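Asks: Sharing a sequence plus its predicted fold:
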Amino acid sequence: MDEFKKDLSQSALGDDNLNDLHSIISTYDYSLKTLLDKHAPVKSKTVTIKPSRPWFTSSLNSFKRVRRQLEKR
């Protein structure tokens, strides 16, 4: 967190030389994108959707959980 704060304070976001709105918005977008890419990069994750199993009821799930606990002993 300290490194993020340091990078944020050193970024161009606090630059007082920006006079027009376009420059301010461009600097804001670029600075935040750069900081976020460095400190919180986007991670992709693959999600597999399992097919529906109507025969696998909650009681069956409970029995399976108990069986696994007994196997660990």
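Replies: It's in.
Asks: Quick check: which ranges of this protein have low pLDDT?
Replies: Low-confidence segments of the chain, defined by pLDDT under 70: 15.
Asks: give me that answer again for 90
Replies: Within the chain, the segments meeting pLDDT under 90 span 1-28, 30-32, 34-40, 50-56, 73.
Asks: biggest helix in it by residues?
Replies: Criterion DSSP state H: the longest helix present in the chain is helix 21-39.
Asks: Which strands or helices does that helix pack on?
Replies: Judged by 3 or more Cβ pairs under 8 Å, 6 or more residues apart in numbering; DSSP states H and E, helix 21-39 is in contact with helix 2-10. In this view, the C-beta of every residue, glycine as well, is placed from N, C-alpha and C.
Asks: So which elements touch the helix it packs on?
Replies: Short answer (3+ Cβ pairs under 8 Å, 6+ apart): helix 2-10 packs on helix 21-39.
Asks: Alpha carbons of the helix or strand just after the helix it packs on, as PDB, please.
Replies: As assigned by DSSP states H and E, the chain's next helix or strand after helix 21-39 is helix 58-72. Taking C-alpha atoms only, helix 58-72 is exported to PDB below (Å, rounded to 0.1, in the frame of the first residue of the first chain):
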ATOM      1  CA  SER A  58     -28.500 -32.100  -0.800                       C
ATOM      2  CA  SER A  59     -28.900 -35.200   1.300                       C
ATOM      3  CA  LEU A  60     -26.600 -37.100  -1.100                       C
ATOM      4  CA  ASN A  61     -24.100 -34.300  -0.700                       C
ATOM      5  CA  SER A  62     -24.300 -34.500   3.100                       C
ATOM      6  CA  PHE A  63     -23.600 -38.300   2.900                       C
ATOM      7  CA  LYS A  64     -20.700 -37.700   0.600                       C
ATOM      8  CA  ARG A  65     -19.200 -35.100   3.000                       C
ATOM      9  CA  VAL A  66     -19.500 -37.500   6.000                       C
ATOM     10  CA  ARG A  67     -17.800 -40.200   3.900                       C
ATOM     11  CA  ARG A  68     -14.900 -37.900   3.100                       C
ATOM     12  CA  GLN A  69     -14.500 -37.000   6.800                       C
ATOM     13  CA  LEU A  70     -14.500 -40.700   7.800                       C
ATOM     14  CA  GLU A  71     -11.900 -41.400   5.100                       C
ATOM     15  CA  LYS A  72      -9.600 -38.800   6.500                       C
END
